[in-house]
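A.B. asks: fold the following and give me the result.
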Amino acid sequence: MEDYVIEILSGITPKKLPLMKFRDENEFLIVQENTKKILVLNSTAREIYNSCDGKIVNEIIKNLGSLYPDLNNKKLSLDVLKCLRDLEKRDLISLRNKNEGITCDI
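C.D. replies: Numbering: from 1, shown residues only. This is a model prediction of the structure:
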């Protein structure tokens, strides 16, 4: 099942949604979403969020794999996907199928 999810979501393109405010600190990114909730993203979540600039999920995973070469690729892939889904639930990004331009509801 995990392999299927990784395969299906690997071609999805995460896109940043507009924020009310954000502040980049040394190790953290502080964002205020449209519901006025303030969220603090750690360095890894910040790296994933900042990668949502037109790259497909596979490219984001490869980039993080080069930063963390000791991590198992399957675990890294699942962790990135979980983070992206969490960012989507918090209305910080939307996950779009690059080919169809529709939101992914997996």
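A.B. asks: from here on, contacts and neighbour counts on C-alpha atoms
C.D. replies: Noted.
A.B. asks: where does the chain dip in pLDDT?
C.D. replies: 1-2, 4-5, 33, 98-106 (pLDDT under 70).
A.B. asks: pull the longest helix from it.
C.D. replies: As assigned by DSSP state H, the longest helix anywhere in the chain is helix 73-89.
A.B. asks: next SSE after that helix?
C.D. replies: As assigned by DSSP states H and E, the chain's next helix or strand after helix 73-89 is strand 93-97.
A.B. asks: in the longest helix of the chain, what's buried?
C.D. replies: 76-78, 80-81, 83-85, 87-88 (16 or more other C-alpha atoms under 10 Å).
A.B. asks: how much space between the residue nearest to the spatial centre of the chain and D70?
C.D. replies: Nearest to the geometric centre of the chain sits L84, at 3.4 Å (C-alpha atoms, centre = their mean). For L84, the distance to D70 equals 21 Å [C-alpha to C-alpha, to the nearest Å].
A.B. asks: cool, and K62?
C.D. replies: Noted for K62: a distance of 13 Å to D70, by C-alpha to C-alpha.
A.B. asks: if we can go back for a sec, residues contacting the residue nearest to the centre of the chain?
C.D. replies: Counting by C-alpha atoms under 8 Å, 6 or more residues apart in numbering, L84 touches 14, 48-49, 93.
A.B. asks: K62 and D70: which is more packed in?
C.D. replies: Applying other C-alpha atoms under 10 Å to K62 and D70 shows that K62 carries more neighbours, namely 15 against 9.
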